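Enquirer: Predicted model and sequence follow; I will ask about them next.
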Amino acid sequence: MDINPILLLAALMVASTPILLAAIGELVVERAGVLNLGVEGMMIVGAVCGYIAGHSSGDPYLGFLGAVFAGAAVSLVFAVLTQFLMTNQVATGLGLTLFGLGLSALIGMRAEGTPDLTVAKLALPILSDIPVLGAILFRHDLVVYLSILLVAGVWAFLTYTRAGLILRAVGENHEAAHALGYNVRLVRVLAILFGGGCAGLAGAYISLVRVPQWIDGITAGAGWIALAIVVFASWKPWRLIAGAYLFGGVTVLQLNLQAEGLKIPVEYLSMAPYLATIIVLVMIRAGRAPASLGKPFHPSS
Amino acid sequence: MKRRTLLATGAGAALAAAMGMPASAQDKTKVGFIYVGPINDGGWTQHHHHSAMEMVEHFGDAVEFVYQESVPEGPDAERAITQMALGGADIIFTTSFGFMDPTVNVAANFPNVKFEHATGYKQADNVSVYSARFYEGRAIQGTLAGRMTTTNKVGYIASVPIPEVIRGINAAYIHAKKVNPDIEFKIIWIFEWLNPAKEADAAKALIEQGCDVVLQHTDSTAPHQAAREAGGVYTFGQAADMAEFAPMPRISSIIDNWAPYYIDRVQAVMDGTWSSVSTWDGISTGMVGIGEVSDVVPAEWKAEAEAMRDAIAAGTYHPFTGPINKQDGSPWLAEGETASDGDLASMFFYVEGVEGEIPS
């Protein structure tokens, strides 16, 4: 066996991070009762803007920051259309994906090539010296840590804070939340912006760390996986980690098994990530969607 | 409903044939290109596009150039090609294997439009096929890979299981084995021509498993980036020189040079001498170029690689020269026998020593 389990597990975390980031953003959006199918579009705009910002400034962190803003800016289009002009969320979200793919190709036309940027790995002191675990968990770049902190933060926010409670109320029953005097549209717009920012960051992680370069269509469907994982994780933050790491893990594992020359037809290995994710997440009891998910809301009604 | 659609399509085709063609043929020759990837992919599509641009420069105002990029293989390709034909194109180049059936289907509706399909094998009266003998370049890469590896493990990122890709694997393996009997190939299929994230993951997986040479039959430069980050890993440019990664990790490359062919074929349309042909050229005509072997390769091995290139160009050496057995040990080519083009075009087996199965 040439597979090194430590390297494999470390690679798993890198491969899963973009999906996890996009998924945690979408989770907040959906918990607020909005279905934004434009994750892929926001991701890829984040990818190209992050690439350009990082490349022109020479600082990858400025790249990430630019991507967050770019993703949020694109999501603002969705927010205005669905929250104020009352367009259909599904259609608008799909449109946002197509728009994002086209826009990124346009922006990225002059941005071919390879950045000379490297995002430094940040070995956490003491923790990274733990045998085995240290190499797997604690020698990554900042964004990997950030993605996990975000999940924890979102969980704490939704579970323990008043603002989180309001957001969930808006997602469960926007009429009631409105009647209680909460500004449903404001909450939703903020959630959509958060989702856009996360998707943008996820895209930039692909174009600045994982690949790292800009090529048209670089996200290659990761946004759709993120969407699926939100559903399969029953809208619960911690399960997202399980879903994303499982998907990323099996993706990396199947490549390793292929290289190993395992006697399993390659087709099965290639579909393994999707199958495994679906099976496991269905098994851990499918949850209930936020009751107002995808329904339009207007304060006058 | 169905009949009406059929009628409409037929009428459109007839209309285009009756009116569109002569009008545009009088002044400019309209040349169309259908690409599978974006024109800035850094590899396959980019080189088709560059070659097309060279053709346009050559003819100047005599041609009108249209193209559509990122056309998915499958049913949608038929729509894109039809649209281009309806738009009055005189000749249309479709530049990916998966456009084969769509091209042939559309061509049947537009008998006056010339079609050129890259890397396929289905010809028709108005459909030519053209491809390059990339396996000649693979033989040189295999030789270099066998020489340069210290772990004796060579990674291969394979794209879509078609004969062209399998020929490449076999040619590389045979020649790596020749100079390094302990060589082992690790092959990963990603089932796509271009998916940078997957290519990068595949390259990383191969490198982590000890491969210090990574060959690719995919279109992006992502594997080079992964190799550069890992350090001490050698790669080869695919379709384009990918010189921005030289001298390390990229130590040589296969460069597709379609420009002379494109100029030739468009000229034939202008002269009215176009006929359906099957072209399969290699290093000798320059359709397959070998990128400069970089200086990290010791001079002796560099000379060996260049000698092989010259021998193939001169026709004195064929990369598939027996004795070669198939993977199951059954004989394929006898001592001194060379593979026929027919055998090569339909190759769907690994040669002896390659491990694993070809996905079907």
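Expert: Here it is on my side, so go on. Numbers count the residues shown, from 1 in each chain, chains lettered A, B, ... in the order given.
Enquirer: show me where pLDDT drops low in the stretch 201-301 of chain A?
Expert: Low-confidence segments of the stretch 201-301 of chain A, defined by pLDDT under 70, span residues A:281, A:284-286, A:301.
Enquirer: For whichever residue of it sits closest to chain B, which non-adjacent residue is closest in space?
Expert: As assessed by C-beta to the nearest C-beta, chain B sits closest to residue A:216 within the stretch 201-301 of chain A, at 3.5 Å. In this view, the C-beta of every residue, glycine as well, is placed from N, C-alpha and C. Spatial nearest neighbour of residue A:216, excluding adjacent residues (C-beta to C-beta, 6 or more residues apart in numbering or on different chains): residue B:38 at 3.5 Å.
Enquirer: Quickly note the distance from residue A:199 to chain B.
Expert: 15 Å (C-beta to the nearest C-beta, to the nearest Å).
Enquirer: And the helix or strand that that residue is a member of, what's buried?
Expert: Using DSSP states H and E, residue A:199 sits in helix A:184-205. Neighbour-count burial for helix A:184-205, counted by 16 or more other C-beta atoms under 10 Å in any protein chain shown, picks out A:184-185, A:187-205.
Enquirer: who's in contact with residue A:196?
Expert: A:25, A:42, A:71, A:72, A:73, A:74, A:75, A:76, A:78 (C-beta atoms under 8 Å, 6 or more residues apart in numbering or on different chains).
Enquirer: follow-up on the earlier one: quick check: what element follows the helix holding residue A:199 along the chain?
Expert: As assigned by DSSP H and E, the chain's next helix or strand after helix A:184-205 is helix A:222-232.
Enquirer: How about residue B:43: what's its closest non-neighbour residue?
Expert: Of all residues not flanking residue B:43 in the chain, residue B:219 sits nearest, at 3.7 Å (C-beta to C-beta, 6+ apart).
Enquirer: State the number of residues packed around the one you found.
Expert: 27 (other C-beta atoms under 10 Å in any protein chain shown).
Enquirer: ok, now residue B:57?
Expert: Neighbour count of residue B:57, defined by other C-beta under 10 Å: 11.
Enquirer: Please apply the same query to residue B:101.
Expert: The number of residues packed around residue B:101, counting by other C-beta under 10 Å, is 16.
Enquirer: That one touches residue B:122, doesn't it?
Expert: Yes - between residue B:101 and residue B:122 there is a contact under C-beta atoms under 8 Å: 7.3 Å.
Enquirer: dump the residue contacts of the residue of chain B found nearest chain A.
Expert: In chain B, the residue that lies nearest chain A is residue B:38 (3.5 Å; C-beta to the nearest C-beta). Applying C-beta under 8 Å, 6+ apart, we find residue B:38 in contact with A:105, A:215, A:216, A:217, B:45, B:69, B:70.
Enquirer: Name the SS class of it, please.
Expert: coil (DSSP: H, G, I helix; E, B strand; the rest coil).
Enquirer: Tell me the predicted confidence for it.
Expert: We have a pLDDT of 85 for residue B:38.
Enquirer: How about the one 4 residues further on?
Expert: As predicted, residue B:42 sits at a pLDDT of 74.
Enquirer: And for it, nearest residue in space, chain neighbours not counted?
Expert: Residue B:42 sits nearest to residue B:221 (C-beta to C-beta, 6+ apart), 4.7 Å away.
Enquirer: Next, give phi and psi for that neighbour.
Expert: Its backbone dihedrals place residue B:221 at phi -90, psi 10, with angles given as degrees, to the nearest 10.
Enquirer: how about the residues of chain B near chain A?
Expert: Selection of chain B residues close to chain A by C-beta under 8 Å from any C-beta of the partner chain yields B:37-38, B:40-42, B:70, B:153, B:155, B:186-189, B:191, B:194-198, B:200-202, B:204-206, B:208-211, B:220-222, B:225, B:229, B:244-245, B:355-357, B:359.
Enquirer: filter those to the buried ones?
Expert: B:37-38, B:40-42, B:70, B:153, B:155, B:186-189, B:194-198, B:200-202, B:204-206, B:208-211, B:220-222, B:225, B:245, B:356, B:359.
Enquirer: Restricted to strands, list those residues.
Expert: Judged by DSSP state E, those include B:153, B:155, B:186, B:187, B:188, B:189 as members of strands.
Enquirer: For the residues you listed, give me CSV that also has distance to residue B:309.
Expert: Shown next, in CSV, are those (distance: C-beta to C-beta, whole Å):
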residue, distance to residue B:309
B:153, 25
B:155, 23
B:186, 26
B:187, 25
B:188, 27
B:189, 28
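Enquirer: Got the domain ranges for chain B?
Expert: When chain B is parsed with automatic domain parsing, its domains come out as B:2-132, B:134-255+B:289-345.
Enquirer: which residues of the chain fall in strands?
Expert: No chain in the question, so chain A it is. Listed in chain order, the strands of chain A (DSSP E) span A:121-123, A:139-141.
Enquirer: Chain B was what I was after
Expert: Here chain B has its strands, by DSSP E, at B:29-34, B:63-68, B:91-94, B:114-118, B:127-132, B:153-158, B:184-189, B:213-216, B:234-239, B:250-256, B:278-281, B:288-291, B:324-325, B:331-333.
Enquirer: Just give me how far the shortest one sits from the chain centre.
Expert: Spelled out, that is strand B:324-325. Centroid separation between strand B:324-325 and its chain, computed with C-alpha atoms, centre = their mean, to the nearest Å, is 25 Å.
Enquirer: Tell me the strands beside it, with direction?
Expert: Here strand B:324-325 is paired, per DSSP bridges, with strand B:331-333 (antiparallel).
Enquirer: so the residue lying closest to residue B:84 once chain neighbours are set aside bridges to which residues?
Expert: In space, and not counting its chain neighbours, residue B:84 is closest to residue B:32: 4.3 Å by C-beta to C-beta, 6+ apart. Applying DSSP bridges to residue B:32 gives these bridge partners: residue B:66, residue B:92.
Enquirer: Counting neighbours, what do you get for residue B:231?
Expert: 10.
Enquirer: repeat for residue A:91
Expert: 12.
Enquirer: could the ones in strands among the buried ones among the residues of chain B next to chain A go into JSON lines alongside distance to residue B:259 and pLDDT?
Expert: Converted to JSON lines, these look like this (distance: C-beta to C-beta, whole Å; pLDDT from 0 to 100):
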{"residue": "B:153", "distance to residue B:259": "37", "pLDDT": "94"}
{"residue": "B:155", "distance to residue B:259": "31", "pLDDT": "95"}
{"residue": "B:186", "distance to residue B:259": "35", "pLDDT": "93"}
{"residue": "B:187", "distance to residue B:259": "32", "pLDDT": "93"}
{"residue": "B:188", "distance to residue B:259": "32", "pLDDT": "93"}
{"residue": "B:189", "distance to residue B:259": "31", "pLDDT": "92"}
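Enquirer: any idea which of the residues you listed is closest to residue B:118?
Expert: Distance to residue B:118, by C-beta to C-beta, is smallest for residue B:189 among these, at 21.4 Å.
Enquirer: pretty sure the closest one is in contact with residue B:359, am I right?
Expert: Yes - the pair residue B:189 / residue B:359 is scored as a contact, 5.6 Å apart, by C-beta under 8 Å.
Enquirer: Need the overlap of contacts for the two.
Expert: Common neighbours of residue B:189 and residue B:359 are listed as A:266, B:161 (criterion: C-beta under 8 Å, 6+ apart).
Enquirer: Just list the residues touching residue 156, thanks.
Expert: Looking at chain A here, since you left the chain open. Contacts of residue A:156 by C-beta under 8 Å, 6+ apart: none found.
Enquirer: ah, I was thinking of chain B
Expert: B:169, B:172, B:185, B:186, B:187, B:188, B:214, B:215, B:216, B:217.
Enquirer: what would these look like in JSON lines with distance to residue B:251?
Expert: Listed next are the contacts of residue B:156 as JSON lines, based on distance: C-beta to C-beta, whole Å:
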{"residue": "B:169", "distance to residue B:251": "19"}
{"residue": "B:172", "distance to residue B:251": "14"}
{"residue": "B:185", "distance to residue B:251": "18"}
{"residue": "B:186", "distance to residue B:251": "19"}
{"residue": "B:187", "distance to residue B:251": "20"}
{"residue": "B:188", "distance to residue B:251": "20"}
{"residue": "B:214", "distance to residue B:251": "11"}
{"residue": "B:215", "distance to residue B:251": "11"}
{"residue": "B:216", "distance to residue B:251": "13"}
{"residue": "B:217", "distance to residue B:251": "17"}
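Enquirer: Cool, thanks, signing off.
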